[in-house]
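> based on what follows, work out the 3D shape:
(one chain, ligands or ions: 1)
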Amino acid sequence: MIDLVKNYAITTRRIKKSVIRELLKLTNKPGVISFAGGLPDPDAFPVEWIEEVTMKVIKENSKSSLQYGPTDGMPELKREIVKHSKKLGENIRDENVLVTTASQQGLELLGKVFIDPSDPVIVELPSYIGGLQVFGAYSAKMHGVPMDDNGIRTDLLEELIIKLKKDEERYKFLYLVPDFQNPSGVTLSQERRKKVLELSYKYDFLVVEDSPYKDVRFEGTPPATLQSMDGLKSVITLRTFSKIFVPGIRVGWVVANEDIISKMALAKQAMDLCTSSLCQLIAAKFCELGYLDKQIAFVSKRYKEKRDLMMSALEKYMPKVEGLRWTRPDGGLFLWLELPKNLSADELFPKAIEEKVAYVIGSAFHCDGSGANTMRLNFSFPTHEQIDEGIKRLGNLVKKQLVNQK
Ligand SMILES: Cc1ncc(COP(=O)(O)O)c(C=O)c1O
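Presented below is the predicted three-dimensional model:
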């Protein structure tokens, strides 16, 4: 038998199994109510519109929809993306857009274009696990900055950058999920956005704005996008159709200055030549016919109901003890629960599975392994009944655990 381990490239050997995917296997057991996945609600997929749009695209545009396309993206889709950006106050042109095979490819491209082994990359504590996986595979040294209810702590961010600068570390970018963050549900405040950009100009680092959930807003006024505040100087924005249309379409895009876009396009060419032309044209037509705006309004309303249900179930079933708290996201798919410091969500997990309820352990989202007393709860996928029953099971488990700790 060939020694596979010896033959794998260093980066392959470095890729860690996703904790989430491993845990998800357990959550698939019959009867388990899962708040663990991060999936959109499949009952909200706009199946009839997709059928209509797909037929239209193939009939009207079979030659280009079934052909290879330009690496940077189909002009029809870029046009729609530029319009979307303009609505957000971003002054961009086609040259500032790279269509990607959804945002996860955008992250992979960032790794390929920017990270040399042991480069420091600054991330939030907690942060999106798929980002951490990519940066880890490129051998970045991850530095985490704690968050509070207003997003990343910019005072601690500045302290960290001063330290990295003093140590002559070649830090390059700060990775943020500023809107209804995966995993915490927290949104970066307007004031902190301004501060992040000030720091980026002062200390010379790029800011990655990974924002799949921004449009799924239930209430409140959206803060300005980092991209609109920056004007293509230091912000690289990743967006996707996954949460506002369907994830199966696998189409997303990057917005950045022309130089960065052309480097990323070169890297993408070697990866997949182009994102599916058919999927891009379906997405473009979906936007063109005004269905995207309707779909965004539809899912936002649907997920708001589920968020509300989860909030009231938490109020009803969780014990009232010091240190037990959860976030109240104004949008997105997730909320974040903190247990009292002496309880470990990691240790509670197998017991939760026995009680037939699942979540994702918060420590999986912390690049420094901290956050043992935290968990992520998804409210978009479970049904109303499952939300109530699942939180009841979780509440009872936490109560039991508190008694056992005494
Ligand atoms: C913050 C963040 N970035 C990127 C992605 C990847 O999304 P996709 O590749 O489906 O666009 C996700 C998916 O959940 C996410 O939460």
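> can you get me a residue count around the closest residue to residue 289 other than its chain neighbours?
Leaving out its chain neighbours, the residue that sits closest to residue 289 by CB to CB, 6 or more residues apart in numbering is residue 53, at 6.9 Å. To be clear about C-beta, it is placed using only N, CA and C from the backbone, and glycine gets the same treatment. The number of residues packed around residue 53, counting by other CB atoms under 10 Å, is 21.
> what of residue 369?
9.
> quick one, phi/psi of the residue nearest to it when sequence neighbours are not counted?
Spatial nearest neighbour of residue 369, excluding adjacent residues (CB to CB, 6+ apart): residue 363 at 6.0 Å. According to degrees, to the nearest 10, the main-chain angles of residue 363 amount to phi -60, psi -30.
> ok so, going back, for the residue nearest to residue 289, what is the enclosing helix or strand?
helix 47-65 (DSSP states H and E).
> sort out which residues of that helix are buried, please.
49, 50, 53, 54, 57, 61, 64, 65 (16 or more other CB atoms under 10 Å).
> do the same with stretch 173-193
Within stretch 173-193, the residues scored as buried using 16+ other CB under 10 Å are 173-189, 192-193.
> which is the next helix or strand following the longest strand along the chain?
Across the chain, the longest stretch assigned as strand under DSSP state E is strand 141-148. Once the chain leaves strand 141-148, the next helix or strand it forms, by DSSP H and E, is strand 151-152.
> centre of the chain versus that following strand, how much separation?
15 Å (CA atoms, centre = their mean, to the nearest Å).
> so who does the residue in the stretch 251-400 of the chain that the ligand sits nearest to touch?
The minimum distance from the stretch 251-400 of the chain to the ligand, using CB to the nearest ligand atom, falls at residue 252 (4.5 Å). Applying CB atoms under 8 Å, 6 or more residues apart in numbering, we find residue 252 in contact with 99-106, 212, 238-242.
> so which bits of the longest helix along the chain are buried?
Using DSSP state H to define each element, the chain has its longest helix at helix 291-317. Under the neighbour-count criterion of 16+ other CB under 10 Å, helix 291-317 has 291-292, 295-296, 299-300, 302-304, 306-307, 309-311, 313-314, 317 buried.
> repeat for stretch 352-359
352, 353, 355, 356, 357, 358, 359.
> pick out the most distant pair among those residues.
356 and 359 (12.3 Å; CB to CB).
> quick one: the strands in the stretch 101-250 of the chain?
When assigned using DSSP state E, counting those that start in this stretch, the strands of the stretch 101-250 of the chain occupy the ranges 120-125, 141-148, 151-152, 173-176, 206-210, 235-240.
> just checking, what packs against the fifth one?
What that stands for is strand 206-210. Using 3 or more CB pairs under 8 Å, 6 or more residues apart in numbering; DSSP states H and E as the contact test, the elements touching strand 206-210 are helix 102-114, strand 173-176, helix 190-203, helix 226-230, strand 235-240.
> for residue 387, find the nearest of the ones you listed.
Closest among the helices and strands packed on strand 206-210, using CB to CB: strand 235-240, at 25.1 Å.
> does the ligand sit close to that closest one?
Yes: counting by CB under 6 Å from any ligand atom, the ligand has neighbours in strand 235-240: residue 240.
> now do that strand against strand 206-210, angle only.
If you take axes from the mean of the first three to the mean of the last three CA atoms, to 10 degrees, strand 235-240 sits at 20 degrees to strand 206-210.
> in JSON lines, list the buried residues of stretch 352-359 along with secondary structure.
Shown next, in JSON lines, are the buried residues of stretch 352-359 (DSSP: H, G, I helix; E, B strand; the rest coil):
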{"residue": "352", "secondary structure": "helix"}
{"residue": "353", "secondary structure": "helix"}
{"residue": "355", "secondary structure": "coil"}
{"residue": "356", "secondary structure": "coil"}
{"residue": "357", "secondary structure": "strand"}
{"residue": "358", "secondary structure": "strand"}
{"residue": "359", "secondary structure": "coil"}
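> pick out whichever of these sits closest to residue 400.
residue 355 (8.9 Å).
> around the ligand, pick out the residues from this structure.
Residues of the chain lying near the ligand by CB under 6 Å from any ligand atom: 38, 102-104, 128, 130, 177, 182, 210, 212, 240, 242, 247, 252.
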